[in-house]
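Novice: please find the sequence and the predicted model below.
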Amino acid sequence: MKPNKTFRMIIFVILILANIGCDQISKSIARKKLEPGKTIEIIDHNFILKRVENTGAFLGLGSGLNSKIRDVLFLWFPAIIIILLLIWFFKKNDLSIILIIALSFIIGGGIGNLYDRILFGSVTDFLHIDLGIVRTGIFNLADVSVTVGVLILLIESFFAGKPEPDGEKQ
């Protein structure tokens, strides 16, 4: 399904704003209600709230780097990627609704974390899942948005070009 330009834009903007809004509201609550480093078990040890201020990337990777290098890696590089994705969106008129959703999630999540880095100098992470064989680091809803967007892109690219049951291509 290839939506018209107005519908594409409406979906794109609404999803980006929803992703940013959910992320920022949840982080604001975490900053107000969770003491840094204190662990709150929601479902035994399987779902935990623990607020950390992350100056690095995933799992704090790069937090010990020189501040100028961190700025390039965690401020400028993501900002450039977000701008390139926006340019790509506006140049491509034939994106499927699935790709629009994926891009919206990636851009919305990226903006959410970028906003934190600009405003606070770090990203507020506060969610941790431990299901035994599946264990995460501490993350936030922007991380979830980006991950979901990338997974949608991967799934879409895997099925792209495969013939549909009636023999038509997507």
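Specialist: Happy to help now that I have it. Residues are numbered from 1 along each chain as shown.
Novice: going by C-alpha atoms from here, please, whenever you check contacts or count neighbours.
Specialist: Fine.
Novice: which residues of the chain fall in strands?
Specialist: 39-43, 47-54, 123-129 (DSSP state E).
Novice: neighbours around residue 111, how many?
Specialist: 22 (other Cα atoms under 10 Å).
Novice: in the protein, which helix or strand is least confident?
Specialist: helix 67-71 (a mean of 81; mean pLDDT, DSSP states H and E).
Novice: that one: how far from the chain's middle?
Specialist: Helix 67-71 has its C-alpha centroid displaced from the chain centroid by 21 Å (Cα atoms, centre = their mean, to the nearest Å).
Novice: mind exporting it as CSV, just the C-alpha atoms?
Specialist: C-alpha atoms of helix 67-71 as CSV (Å, rounded to 0.1, in the frame of the first residue of the first chain):
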residue,chain,number,x,y,z
SER,A,67,33.8,14.8,26.0
LYS,A,68,34.6,16.1,22.5
ILE,A,69,34.7,12.6,21.1
ARG,A,70,31.4,11.8,23.0
ASP,A,71,29.8,14.9,21.5
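Novice: mind listing what's buried in the helix ranked longest in the chain?
Specialist: In the chain, taking DSSP state H as the definition, the longest helix is helix 5-33. By 16 or more other Cα atoms under 10 Å, the buried positions in helix 5-33 come out as 8, 11-12, 15-24, 26-27, 30-31.
Novice: tell me the pLDDT of residue 1.
Specialist: We have a pLDDT of 55 for residue 1.
Novice: which stretches of the protein have low pLDDT?
Specialist: Where the chain drops to pLDDT under 70, the residues are 1-3, 58-60, 161-170.
Novice: now do 80
Specialist: 1-3, 57-67, 160-170 (pLDDT under 80).
Novice: so how far is residue 5 from residue 52?
Specialist: Distance, residue 52 to residue 5, by Cα to Cα, to the nearest Å: 41 Å.
Novice: do the same with residue 93
Specialist: 7 Å.
Novice: rewinding a little: could you check the angle strand 47-54 makes with the longest helix of the chain?
Specialist: Angle of helix 5-33 versus strand 47-54, following axes from the mean of the first three to the mean of the last three Cα atoms, to 10 degrees, is 90 degrees.
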